[in-house]
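Peer 1: need the 3D shape of this:
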Amino acid sequence: MSFSMTGFGQSARHFGGYYVQFEIKSVNHRYAEIVLRMPREWTCYEDELKRIVQRHVKRGRIDVNISKEKAEDSAKSFVVNTSAARAYLDAARQLGESLGIDDSLTAHQLLSLPDVLISEDTLPGSAHPDEEWEEVLKSGLEEALAGLVKMREKEGRHLSKDLEERLSKLEEFHAELTRLAPTVVGDYRNRLRQRLSELLDGIMDEQRFGMEVAIFADRSNVDEELTRLGSHFEQCRELLRAHEPVGRKLDFLIQEMNREVNTIGSKANHLALVNRVVEMKAELEKIREQAANME
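Peer 2: Numbering: from 1, shown residues only. Predicted coordinates for the structure are as follows:
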């Protein structure tokens with residue numbers, strides 16, 4: 001089963017009065033690059049979260065965004081920070097004594113001062129244990145990754161089908177090349193004999209003529225290239241059915257196929273063969289573009 005490198009997944013969790021949202025998207029990349037963005041207080045979980053991503057995704061640029069906000073339905077409780085209140089009262093009394101003014105502060109005035117009225121979430125021991133938050137983050141990430149992988153798998157099936165069809169076209173061209181290749185020498189022999197007969201009034205050195213034909217036959221022989229191309233086609237089909245990342249291997253095979261096709265084109269001194277080579281190069285370029293999306 002082949003996978004695409006592009007996909008998207010998301011999930012959400014409610015915990016501790018917060019709404020935590022997970023979004024993951026992946027795009028093409030030569031290697032595996034994971035970019036994780038989340039609130040600073042969760043950076044201690046970064047390494048473990050990246051390891052989870054690596055277990056599911058082997059190649060591509062993966063952007064993971066984790067955000068949190070206070071849930072609308074959560075009631076926020078406040079308490080008075082008595083230490084801060086006493087500090088304000090002491091400061092007011094000292095200021096009053098030094099300046100000879102009234103040092104009294106009302107309760108309303110105290111509550112309006114910074115750090116006197118605080119949320120219970122900020123009190124020591126009021127937060128949920130780190131282990132609980134870690135499990136929330138891991139489970140939410142796993143769910144988002146499942147959606148990402150499902151989309152990558154679906155896209156991978158479409159890519160594999162398209163590549164299989166294009167491979168079939170290449171195999172058709174390959175069959176035509178295999179059929180035409182043996183006729184190249186015969187066509188050359190006939191053209192050369194006709195040309196020499198016209199130039200030499202039908203008088204020619206048959207031995208020299210035979211040597212020229214033999215040299216051309218050796219120079220234009222593409223049997224090895226056609227054999228290697230057939231092998232590369234089989235390997236490509238095997239890769240498309242493999243249960244592992246195949247993008248880099250496909251890229252290498254496509255380069256090898258291009259090399260063989262270019263060699264055939266340089267050896268072929270035959271219009272029909274050259275036309276097939278041009279069509280094969282165009283199809284290989286389309287395959288290369290599609291394979292660039294494979295994990």
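
Peer 1: now do the same end-to-end measure for stretch 33-49.
Peer 2: End-to-end span of stretch 33-49 (Cα to Cα, to the nearest Å): 13 Å.

Peer 1: so for it, mean pLDDT?
Peer 2: Average pLDDT, stretch 33-49: 93.

Peer 1: do stretch 165-181 as well
Peer 2: According to the model, stretch 165-181 has a mean pLDDT of 92.

Peer 1: could you list the buried residues of it?
Peer 2: 166-167, 170, 173-174, 176-177, 180-181 (16 or more other Cβ atoms under 10 Å). (Glycine included, C-beta is placed from N, CA and C.)

Peer 1: now do the helices in the chain.
Peer 2: 46-56, 82-99, 107-111, 130-200, 206-219, 223-240, 247-267, 271-291 (DSSP state H).

Peer 1: nearest to residue 39, out of those?
Peer 2: The closest of these to residue 39 is helix 130-200. By Cβ to Cβ, the value is 10.4 Å.

Peer 1: now for the closest one, which elements pack on it?
Peer 2: Judged by 3 or more Cβ pairs under 8 Å, 6 or more residues apart in numbering; DSSP states H and E, helix 130-200 is in contact with strand 7-15, strand 18-27, helix 46-56, strand 60-70, helix 206-219, helix 223-240, helix 271-291.

Peer 1: in the first one, which residues are buried?
Peer 2: When burial is assessed from 16+ other Cβ under 10 Å, strand 7-15 yields the following buried residues: 7, 9, 11, 13, 15.

Peer 1: state the phi and psi torsions of residue 241.
Peer 2: For residue 241, the backbone dihedrals (degrees, to the nearest 10) come out as phi -100, psi 0.

Peer 1: any idea how far it lies from residue 4?
Peer 2: 16 Å (Cβ to Cβ, to the nearest Å).

Peer 1: and those two? Which one has more around it.
Peer 2: residue 4 (23 against 11; other Cβ atoms under 10 Å).

Peer 1: pretty sure the more buried one sits against residue 293.
Peer 2: Yes: the pair residue 4 / residue 293 is scored as a contact, 5.4 Å apart, by Cβ atoms under 8 Å.

Peer 1: quick one: the closest residue in space to residue 39 that isn't next to it in sequence from residue 132, how far?
Peer 2: Among residues not flanking residue 39 along the chain, residue 68 sits closest, at 6.0 Å (Cβ to Cβ, 6 or more residues apart in numbering). Here the criterion is Cβ to Cβ. By it, residue 68 lies 14 Å from residue 132.

Peer 1: do residue 146 as well
Peer 2: 22 Å.

Peer 1: now do residue 223
Peer 2: Taking Cβ to Cβ, one finds residue 223 at 69 Å from residue 132.

Peer 1: ok, how many other residues are close to residue 291?
Peer 2: Based on other Cβ under 10 Å, the number of other residues close to residue 291 is 24.

Peer 1: distance check, it against residue 237.
Peer 2: Taking Cβ to Cβ, one finds residue 291 at 13 Å from residue 237.

Peer 1: so where's the stretch 151-295 of the chain uncertain?
Peer 2: 185-190, 192-194, 196-205, 209, 213, 217-218 (pLDDT under 70).

Peer 1: circling back: quick check: which of the helices of the chain is nearest to residue 21?
Peer 2: Across the helices of the chain, closest to residue 21 is helix 130-200 (Cβ to Cβ), at 8.3 Å.

Peer 1: and the closest one with helix 206-219, angle?
Peer 2: 170 degrees (axes from the mean of the first three to the mean of the last three Cα atoms, to 10 degrees).

Peer 1: now do helix 130-200: distance to the chain's middle.
Peer 2: Helix 130-200 has its C-alpha centroid displaced from the chain centroid by 18 Å (Cα atoms, centre = their mean, to the nearest Å).

Peer 1: and the angle for that helix with strand 18-27?
Peer 2: 10 degrees.
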